[in-house]
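>>> this one's structure only:
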């Protein structure tokens, strides 16, 4: 059986296609990314930018075609912060459904956070508290739990794209803005003693940079620990670069170059706020959690542990 999931994020659209054997073990067939910046210029309750909608529509249509060409029997699609908060987000989801034949579920912030936790929890200890952070383009989701149990969920307006539009790559302004938003987060006491894990494009890009990878390798990124000192150093180095310099970094997705300083500041300030010594990076993100949940709802148990040889 071949199945696919499309993640319509606020900065990027992602495709994951897998083949399942009879025992439910998954093998990666295809993955792809398109930077469409759907949240560009967005204000809560406002409308999505027409050009961003067109870029996103093209990417989603292309990924649906790719999944079908790979033999996918089922394809799911979901959307996160930008479509959740835009006044016309649900209308755009319906438009994408009509254009591709694939329904698009607009996730609540809580559901997005729980799926990120389910995907990333494997990098932590099953008996210790774990705080999972997923830095997106429009929001950042934080989920605290132990093993399979989720104890606390928060969705904060700390998106790397939105922060970049407001503050550019100015390290001081970004830090002040992130700290101000975190001051409004009622940090659960257990979060200060929990392990810290991160999923999403910001975390995996920072891990690849820390590892010096010229070609992204999910096996090396998954489980890599970014120490707090290294994280602050990378954030400062990225902020000191121009956008073109960042785009030229080997192995870095050029579409993420503009917003990575802001994403790095978000992750580093959350680490500081929770007194974490480091961040364990998960290559598995919301799309992995969503695909597992969607298949489970159809009675198919799946192991996504070793997708890529």
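Yep, that arrived. Predicted model only: the values in this text are computed from it and were never measured. Numbers count the residues shown, from 1 in each chain.

>>> any idea where the strands of the stretch 101-250 of the chain begin and end?
104-106, 129-135, 140-146, 149-156, 195-199, 225-227 (DSSP state E, counting those that start in this stretch).

>>> Flag the shaky bits of the chain, pLDDT-wise.
125-126 (pLDDT under 70).

>>> Pull the contacting residues for the most centrally placed residue in it.
Compute the mean C-alpha point of the chain, and by C-alpha atoms, centre = their mean the closest residue is residue 200, 2.8 Å away. Going by C-beta atoms under 8 Å, 6 or more residues apart in numbering, residue 200 touches 116, 134-136, 285-286. Any C-beta I mention is one placed from the backbone N, CA and C, and that applies to glycine too.

>>> Distance from the chain centre to stretch 280-293, please.
The chain centre lies 9 Å from the centre of stretch 280-293; the measure is C-alpha atoms, centre = their mean, to the nearest Å.

>>> Residues contacting stretch 79-93, please?
Residues contacting stretch 79-93 (C-beta under 8 Å, 6+ apart): 7-10, 38-39, 42, 44-48, 53, 56, 104-109, 112, 136-139, 155, 159, 286.

>>> 6 Å - rerun?
8-10, 38-39, 42, 44-45, 47-48, 104, 106-107, 112, 136, 138-139 (C-beta atoms under 6 Å, 6 or more residues apart in numbering).

>>> Out of those residues, name the ones that lie in helices.
residue 112 (DSSP state H).

>>> What residues sit buried inside stretch 81-101?
For stretch 81-101, the neighbour count (16 or more other C-beta atoms under 10 Å) marks 81-86, 89, 92-93, 96, 100 as buried.

>>> can I get these in JSON lines with secondary structure and distance to residue 190?
As requested, the buried residues of stretch 81-101 are exported to JSON lines (DSSP: H, G, I helix; E, B strand; the rest coil; distance: C-beta to C-beta, whole Å):
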{"residue": "81", "secondary structure": "helix", "distance to residue 190": "26"}
{"residue": "82", "secondary structure": "helix", "distance to residue 190": "31"}
{"residue": "83", "secondary structure": "helix", "distance to residue 190": "32"}
{"residue": "84", "secondary structure": "helix", "distance to residue 190": "27"}
{"residue": "85", "secondary structure": "helix", "distance to residue 190": "29"}
{"residue": "86", "secondary structure": "coil", "distance to residue 190": "34"}
{"residue": "89", "secondary structure": "helix", "distance to residue 190": "33"}
{"residue": "92", "secondary structure": "helix", "distance to residue 190": "38"}
{"residue": "93", "secondary structure": "helix", "distance to residue 190": "35"}
{"residue": "96", "secondary structure": "helix", "distance to residue 190": "39"}
{"residue": "100", "secondary structure": "helix", "distance to residue 190": "42"}
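
>>> Show me what stretch 39-57 is in contact with.
With C-beta under 6 Å, 6+ apart, stretch 39-57 has contacts from 10, 36-38, 82, 85-88, 92, 137-138, 161.

>>> now the end-to-end length of it.
14 Å (C-alpha to C-alpha, to the nearest Å).

>>> Show me what counts as buried in it.
In stretch 39-57, counting by 16+ other C-beta under 10 Å, buried: 39-40, 42, 48-49, 52-53, 55-57.

>>> and which of those residues is nearest residue 309?
Residue 309 has its nearest neighbour among the buried residues of stretch 39-57 in residue 56, at 31.3 Å by C-beta to C-beta.

>>> in which helix or strand would I find that closest one?
Here residue 56 sits within helix 50-69, counting by DSSP states H and E.

>>> Pull the distance from that helix to the chain's centre.
With C-alpha atoms, centre = their mean, you get 18 Å for helix 50-69.

>>> Can you give the strand pairings for the helix or strand following that helix, parallel or anti for each?
Of the helices and strands lying after helix 50-69 in sequence (DSSP H and E), the nearest is strand 74-79. According to DSSP bridges, strand 74-79 forms sheet pairs with strand 2-8 (parallel), strand 104-106 (parallel).

>>> highest average neighbour count across those?
The highest average neighbour count among the strands paired with strand 74-79, using mean count of other C-beta atoms under 10 Å, belongs to strand 2-8 at a mean of 26.

>>> Might you calculate how far whatever helix or strand comes next after it sits from the centre of the chain?
Once strand 2-8 ends, the next helix or strand along the chain (criterion: DSSP H and E) is strand 12-20. Relative to its chain's centre, strand 12-20 lies at 13 Å (C-alpha atoms, centre = their mean).

>>> And stretch 67-76, by the same measure?
22 Å.

>>> outside of it, which residues touch it?
So stretch 67-76 is contacted by 1-5, 17, 29-30, 102, 294 (C-beta under 6 Å, 6+ apart).

>>> what comes up buried for that stretch?
67-68, 70, 72, 74-76.
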